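[1] Take a look and give me a structure for this.
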Amino acid sequence: MLLLLTLGCSLAALQAHASSKDPETLVIGKISHNPKKHYQYLKPMVKYAVERMHDLGIRKGKIRMARSKKQLADMVRRGEVDWVTETPIAAAYLHEKSGAEVLLRKWKKGVPDYHSVFFSLKQSNINKLEDLRGKVIALEDPASTSAFYLPVNAMLEKGLRLIKLRSIREKPPADRIGFVFAREEINIATLVDKGIVDAGAFSNLDWGKEDHLPSKYRTNFSIFLRTPPIIRAVEMVRQDIDPAIRKRLEEILLHAGNDPHAVSVLHAYQQTKKFDKLSRDQIDSIYNLRHIMDLVDQVL
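    Numbers count the residues shown, from 1 in each chain. Now for the predicted structure:
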(Lines give C-alpha, C1' and ligand atoms only; values in the text may rest on other atoms or scores of the structure.)
Protein backbone atom coordinates (compact mmCIF):
# COMPACT_ATOMS: atom_id res chain seq x y z
CA MET A 1 0.00 0.00 0.00
CA LEU A 2 1.33 3.41 -0.87
CA LEU A 3 2.21 5.77 1.93
CA LEU A 4 1.83 9.48 1.25
CA LEU A 5 3.06 12.37 3.34
CA THR A 6 2.44 16.01 2.56
CA LEU A 7 4.74 18.57 4.08
CA GLY A 8 3.48 22.14 4.13
CA CYS A 9 5.91 24.88 3.13
CA SER A 10 5.54 28.61 2.61
CA LEU A 11 4.01 30.00 -0.58
CA ALA A 12 6.39 30.99 -3.36
CA ALA A 13 6.05 32.10 -6.96
CA LEU A 14 5.87 29.19 -9.38
CA GLN A 15 9.02 29.28 -11.50
CA ALA A 16 9.91 25.63 -12.01
CA HIS A 17 8.27 22.23 -12.06
CA ALA A 18 8.98 19.15 -9.97
CA SER A 19 6.31 16.44 -10.12
CA SER A 20 4.52 16.48 -13.45
CA LYS A 21 1.33 15.64 -11.54
CA ASP A 22 1.71 18.57 -9.15
CA PRO A 23 4.23 21.27 -10.18
CA GLU A 24 4.44 22.66 -6.62
CA THR A 25 5.40 19.31 -5.07
CA LEU A 26 8.69 17.42 -4.88
CA VAL A 27 8.09 13.67 -4.57
CA ILE A 28 10.65 11.19 -3.24
CA GLY A 29 10.14 7.46 -3.77
CA LYS A 30 11.47 4.24 -2.27
CA ILE A 31 10.94 0.51 -2.65
CA SER A 32 9.83 -0.65 0.77
CA HIS A 33 8.45 -3.66 2.60
CA ASN A 34 8.56 -1.59 5.79
CA PRO A 35 6.95 1.81 5.02
CA LYS A 36 6.91 2.93 8.66
CA LYS A 37 10.67 2.47 8.94
CA HIS A 38 11.49 4.20 5.66
CA TYR A 39 9.06 7.05 6.28
CA GLN A 40 11.07 8.03 9.35
CA TYR A 41 14.28 8.60 7.40
CA LEU A 42 12.75 10.04 4.24
CA LYS A 43 10.64 12.68 5.98
CA PRO A 44 13.48 14.91 7.31
CA MET A 45 15.39 14.78 4.02
CA VAL A 46 12.51 15.73 1.73
CA LYS A 47 11.55 18.52 4.14
CA TYR A 48 15.15 19.80 4.14
CA ALA A 49 15.22 19.86 0.32
CA VAL A 50 11.82 21.49 -0.11
CA GLU A 51 12.68 24.30 2.32
CA ARG A 52 15.56 25.22 0.00
CA MET A 53 13.46 25.31 -3.15
CA HIS A 54 10.90 27.96 -2.22
CA ASP A 55 12.24 30.39 -4.82
CA LEU A 56 11.64 27.71 -7.46
CA GLY A 57 7.99 27.40 -6.51
CA ILE A 58 8.22 24.15 -4.60
CA ARG A 59 5.75 24.33 -1.72
CA LYS A 60 5.28 20.72 -0.63
CA GLY A 61 7.05 17.40 -0.32
CA LYS A 62 5.58 13.93 -0.67
CA ILE A 63 6.85 10.46 0.10
CA ARG A 64 5.70 7.53 -2.00
CA MET A 65 6.49 3.93 -1.16
CA ALA A 66 6.40 1.18 -3.77
CA ARG A 67 5.98 -2.51 -3.09
CA SER A 68 8.36 -3.49 -5.88
CA LYS A 69 10.96 -2.09 -8.27
CA LYS A 70 8.44 -2.46 -11.10
CA GLN A 71 5.87 -0.34 -9.28
CA LEU A 72 8.44 2.35 -8.52
CA ALA A 73 9.60 2.38 -12.14
CA ASP A 74 6.00 2.86 -13.25
CA MET A 75 5.62 5.80 -10.85
CA VAL A 76 8.79 7.46 -12.15
CA ARG A 77 7.82 6.91 -15.77
CA ARG A 78 4.39 8.45 -15.18
CA GLY A 79 5.95 11.50 -13.51
CA GLU A 80 4.53 10.64 -10.08
CA VAL A 81 7.97 10.40 -8.44
CA ASP A 82 10.81 12.88 -9.02
CA TRP A 83 13.59 11.68 -6.75
CA VAL A 84 14.62 8.17 -5.69
CA THR A 85 17.11 6.85 -3.16
CA GLU A 86 18.09 3.26 -3.91
CA THR A 87 20.79 0.62 -4.22
CA PRO A 88 22.81 0.30 -7.45
CA ILE A 89 20.98 -2.89 -8.46
CA ALA A 90 17.60 -1.16 -8.18
CA ALA A 91 19.07 1.91 -9.89
CA ALA A 92 20.06 -0.17 -12.91
CA TYR A 93 16.51 -1.48 -13.20
CA LEU A 94 14.93 1.95 -12.77
CA HIS A 95 17.20 3.45 -15.42
CA GLU A 96 16.24 0.80 -17.96
CA LYS A 97 12.51 0.75 -17.22
CA SER A 98 11.81 4.42 -16.49
CA GLY A 99 14.80 6.39 -17.78
CA ALA A 100 15.66 7.57 -14.25
CA GLU A 101 19.21 8.92 -14.03
CA VAL A 102 21.84 8.71 -11.31
CA LEU A 103 22.38 12.10 -9.71
CA LEU A 104 24.86 11.49 -6.90
CA ARG A 105 26.44 8.80 -4.78
CA LYS A 106 25.07 8.47 -1.26
CA TRP A 107 27.55 7.57 1.50
CA LYS A 108 24.98 5.41 3.27
CA LYS A 109 26.06 4.35 6.77
CA GLY A 110 29.12 6.55 6.20
CA VAL A 111 30.73 4.51 3.43
CA PRO A 112 31.01 4.91 -0.38
CA ASP A 113 30.94 1.18 -1.18
CA TYR A 114 30.45 -2.24 0.33
CA HIS A 115 30.57 -5.94 -0.49
CA SER A 116 29.04 -9.25 0.52
CA VAL A 117 30.57 -11.81 2.85
CA PHE A 118 29.84 -15.55 2.87
CA PHE A 119 30.24 -17.18 6.27
CA SER A 120 29.77 -20.52 8.00
CA LEU A 121 30.59 -22.21 11.28
CA LYS A 122 34.34 -22.63 11.75
CA GLN A 123 34.02 -26.40 12.09
CA SER A 124 31.88 -26.77 8.95
CA ASN A 125 34.78 -27.38 6.52
CA ILE A 126 33.20 -24.98 4.04
CA ASN A 127 36.13 -23.13 2.47
CA LYS A 128 34.85 -22.16 -0.97
CA LEU A 129 31.59 -21.74 -2.87
CA GLU A 130 31.86 -25.20 -4.42
CA ASP A 131 31.66 -26.69 -0.93
CA LEU A 132 28.06 -25.47 -0.72
CA ARG A 133 26.78 -28.13 -3.17
CA GLY A 134 24.14 -30.20 -1.44
CA LYS A 135 23.95 -27.64 1.37
CA VAL A 136 21.72 -24.70 2.31
CA ILE A 137 22.54 -21.00 2.49
CA ALA A 138 20.35 -18.35 4.15
CA LEU A 139 19.85 -15.03 2.37
CA GLU A 140 17.81 -11.97 3.34
CA ASP A 141 15.09 -11.31 0.75
CA PRO A 142 14.77 -11.05 -3.06
CA ALA A 143 15.20 -7.25 -3.00
CA SER A 144 18.54 -7.20 -1.17
CA THR A 145 21.69 -6.31 -3.10
CA SER A 146 24.27 -7.55 -0.59
CA ALA A 147 22.24 -10.46 0.82
CA PHE A 148 20.75 -11.80 -2.41
CA TYR A 149 21.91 -10.39 -5.75
CA LEU A 150 25.65 -10.26 -5.10
CA PRO A 151 25.90 -13.66 -3.34
CA VAL A 152 23.75 -15.47 -5.89
CA ASN A 153 25.63 -13.86 -8.77
CA ALA A 154 28.92 -15.00 -7.23
CA MET A 155 27.64 -18.58 -7.10
CA LEU A 156 26.25 -18.50 -10.63
CA GLU A 157 29.54 -17.13 -11.96
CA LYS A 158 31.18 -20.27 -10.61
CA GLY A 159 28.78 -22.36 -12.65
CA LEU A 160 26.93 -23.55 -9.56
CA ARG A 161 23.25 -24.47 -9.73
CA LEU A 162 20.82 -23.11 -7.16
CA ILE A 163 17.34 -24.05 -6.02
CA LYS A 164 14.92 -22.09 -3.87
CA LEU A 165 13.72 -24.25 -0.99
CA ARG A 166 10.20 -24.18 0.37
CA SER A 167 11.37 -24.33 4.01
CA ILE A 168 14.54 -24.33 6.08
CA ARG A 169 14.03 -28.04 6.75
CA GLU A 170 14.10 -29.01 3.08
CA LYS A 171 17.32 -30.36 1.62
CA PRO A 172 18.58 -29.66 -1.93
CA PRO A 173 19.79 -32.27 -4.43
CA ALA A 174 23.47 -33.16 -4.01
CA ASP A 175 24.45 -31.21 -7.14
CA ARG A 176 22.68 -27.97 -6.17
CA ILE A 177 22.88 -25.25 -3.55
CA GLY A 178 19.62 -24.67 -1.72
CA PHE A 179 18.73 -21.19 -0.53
CA VAL A 180 16.08 -19.82 1.83
CA PHE A 181 15.05 -16.28 2.73
CA ALA A 182 15.37 -15.32 6.39
CA ARG A 183 14.12 -11.70 5.99
CA GLU A 184 16.49 -10.19 8.60
CA GLU A 185 20.27 -10.33 9.07
CA ILE A 186 19.92 -11.49 12.67
CA ASN A 187 17.79 -14.41 11.44
CA ILE A 188 20.49 -15.40 8.94
CA ALA A 189 23.11 -15.39 11.70
CA THR A 190 20.89 -17.37 14.06
CA LEU A 191 20.13 -20.06 11.48
CA VAL A 192 23.84 -20.53 10.77
CA ASP A 193 24.80 -20.55 14.47
CA LYS A 194 22.15 -23.17 15.30
CA GLY A 195 23.30 -25.35 12.40
CA ILE A 196 19.87 -25.17 10.75
CA VAL A 197 21.50 -23.92 7.54
CA ASP A 198 25.10 -24.38 6.45
CA ALA A 199 26.03 -20.82 5.49
CA GLY A 200 24.82 -17.26 5.25
CA ALA A 201 25.63 -14.13 3.29
CA PHE A 202 25.10 -10.43 3.83
CA SER A 203 27.10 -7.20 3.68
CA ASN A 204 30.46 -6.60 5.32
CA LEU A 205 28.79 -3.72 7.17
CA ASP A 206 26.26 -6.07 8.75
CA TRP A 207 29.11 -8.37 9.78
CA GLY A 208 30.29 -5.71 12.20
CA LYS A 209 26.89 -4.72 13.62
CA GLU A 210 26.01 -6.24 16.97
CA ASP A 211 22.26 -6.19 16.32
CA HIS A 212 22.73 -8.00 13.01
CA LEU A 213 25.50 -10.36 14.08
CA PRO A 214 26.00 -10.66 17.86
CA SER A 215 29.59 -11.21 18.95
CA LYS A 216 28.59 -14.51 20.59
CA TYR A 217 27.77 -15.76 17.07
CA ARG A 218 30.64 -14.01 15.30
CA THR A 219 33.27 -15.90 17.30
CA ASN A 220 31.83 -19.16 15.93
CA PHE A 221 31.89 -18.05 12.29
CA SER A 222 34.52 -17.69 9.62
CA ILE A 223 34.24 -15.73 6.35
CA PHE A 224 35.13 -17.97 3.41
CA LEU A 225 34.49 -15.52 0.55
CA ARG A 226 34.10 -11.80 -0.13
CA THR A 227 32.59 -10.37 -3.32
CA PRO A 228 34.12 -7.39 -5.16
CA PRO A 229 32.92 -4.04 -3.77
CA ILE A 230 30.19 -1.98 -5.41
CA ILE A 231 28.84 1.53 -4.79
CA ARG A 232 26.75 1.60 -1.62
CA ALA A 233 23.76 3.70 -2.70
CA VAL A 234 22.69 6.43 -5.11
CA GLU A 235 20.22 9.27 -5.51
CA MET A 236 18.32 9.35 -8.81
CA VAL A 237 15.94 11.73 -10.56
CA ARG A 238 13.38 11.14 -13.27
CA GLN A 239 14.72 11.84 -16.73
CA ASP A 240 12.36 14.70 -17.57
CA ILE A 241 12.48 16.60 -14.27
CA ASP A 242 12.83 20.36 -14.70
CA PRO A 243 16.57 21.16 -15.09
CA ALA A 244 16.33 23.91 -12.46
CA ILE A 245 14.95 21.44 -9.89
CA ARG A 246 17.58 18.86 -10.77
CA LYS A 247 20.41 21.39 -10.44
CA ARG A 248 19.11 22.73 -7.12
CA LEU A 249 18.62 19.25 -5.65
CA GLU A 250 22.18 18.35 -6.60
CA GLU A 251 23.49 21.54 -4.97
CA ILE A 252 21.45 20.94 -1.80
CA LEU A 253 22.69 17.39 -1.39
CA LEU A 254 26.32 18.19 -2.17
CA HIS A 255 26.27 21.00 0.41
CA ALA A 256 24.46 18.99 3.09
CA GLY A 257 27.61 17.24 4.31
CA ASN A 258 29.04 20.61 5.36
CA ASP A 259 25.80 22.15 6.64
CA PRO A 260 25.38 22.19 10.46
CA HIS A 261 21.62 22.30 9.96
CA ALA A 262 21.75 19.00 8.07
CA VAL A 263 23.50 16.90 10.74
CA SER A 264 20.31 15.34 12.13
CA VAL A 265 18.79 15.11 8.65
CA LEU A 266 21.73 13.11 7.30
CA HIS A 267 21.82 10.89 10.37
CA ALA A 268 18.14 10.07 9.91
CA TYR A 269 18.76 9.47 6.21
CA GLN A 270 20.38 6.10 6.92
CA GLN A 271 23.38 7.68 8.66
CA THR A 272 24.54 9.29 5.44
CA LYS A 273 27.95 10.95 5.71
CA LYS A 274 27.72 12.98 2.50
CA PHE A 275 26.88 12.89 -1.20
CA ASP A 276 29.37 13.16 -4.05
CA LYS A 277 29.52 13.08 -7.83
CA LEU A 278 30.33 9.99 -9.84
CA SER A 279 32.31 9.78 -13.06
CA ARG A 280 30.62 8.76 -16.28
CA ASP A 281 32.36 5.37 -16.06
CA GLN A 282 31.07 4.84 -12.51
CA ILE A 283 27.52 5.69 -13.55
CA ASP A 284 27.74 3.35 -16.53
CA SER A 285 29.03 0.59 -14.23
CA ILE A 286 25.83 0.99 -12.16
CA TYR A 287 23.59 0.80 -15.23
CA ASN A 288 25.51 -2.29 -16.37
CA LEU A 289 24.48 -4.12 -13.19
CA ARG A 290 21.20 -4.79 -14.99
CA HIS A 291 22.64 -8.02 -16.38
CA ILE A 292 23.20 -9.30 -12.83
CA MET A 293 19.55 -8.68 -12.00
CA ASP A 294 18.41 -10.52 -15.14
CA LEU A 295 20.65 -13.49 -14.36
CA VAL A 296 19.85 -13.76 -10.66
CA ASP A 297 16.09 -13.30 -11.03
CA GLN A 298 16.01 -16.57 -12.99
CA VAL A 299 16.66 -18.59 -9.83
CA LEU A 300 13.48 -17.35 -8.16
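[2] The closest residue to Arg77 other than its chain neighbours and Pro243: what is the separation?
    Among residues not flanking Arg77 along the chain, Ser98 sits closest, at 4.2 Å (CB to CB, 6 or more residues apart in numbering). Where you see a C-beta, it was placed from the backbone N, CA and C, and this is true even at glycine. Applying CB to CB, to the nearest Å, the value for Ser98 to Pro243 is 18 Å.
[3] Who has more neighbours out of these two?
    The neighbour count for Ser98 versus Pro243, taken as other CB atoms under 10 Å, is higher for Ser98 (23 against 9).
[4] for the more buried one, phi and psi?
    phi -130, psi -10 (degrees, to the nearest 10).
[5] Show the contacting residues for it.
    Ala73, Asp74, Val76, Arg77, Arg238, Gln239 (CB atoms under 8 Å, 6 or more residues apart in numbering).
[6] per-residue pLDDT, the third one?
    At Val76 the predicted local distance difference test score is 97.
[7] Against which helices or strands is whichever strand or helix holds it packed?
    Per DSSP states H and E, Val76 falls inside helix 69-77. On a contact count with 3 or more CB pairs under 8 Å, 6 or more residues apart in numbering; DSSP states H and E, helix 69-77 meets strand 25-31, strand 60-66, helix 88-98.
[8] neighbouring contacts of the longest helix along the chain?
    Ordering each helix of the chain by length in residues (DSSP state H) puts helix 35-50 first. Residues outside helix 35-50 that contact it (CB under 8 Å, 6+ apart) are 1, 3, 5, 7, 9, 26, 28, 30, 32, 58-63, 65, 83, 85, 249, 252-253, 256, 261-262, 264-265, 268-270.
[9] what do you get if the cut-off is 6 Å, keeping everything else the same?
    3, 7, 9, 26, 28, 30, 32, 58, 61, 63, 65, 252, 265, 268-270 (CB atoms under 6 Å, 6 or more residues apart in numbering).
[10] coming back round to it: could the helices and strands packed on helix 69-77 be laid out in CSV, adding distance to Ser120?
    Output for the helices and strands packed on helix 69-77, formatted as CSV (distance: least, CB to CB, whole Å):
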stretch, distance to Ser120
strand 25-31, 30
strand 60-66, 35
helix 88-98, 25
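[11] In CSV, list these along with mean pLDDT and distance to Asp193.
    Below are these laid out as CSV (pLDDT from 0 to 100; distance: least, CB to CB, whole Å):
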stretch, mean pLDDT, distance to Asp193
strand 25-31, 95, 30
strand 60-66, 95, 33
helix 88-98, 95, 28
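[12] Quick one: closest of these to Pro228.
    The closest of the helices and strands packed on helix 69-77 to Pro228 is helix 88-98. By CB to CB, the value is 12.5 Å.
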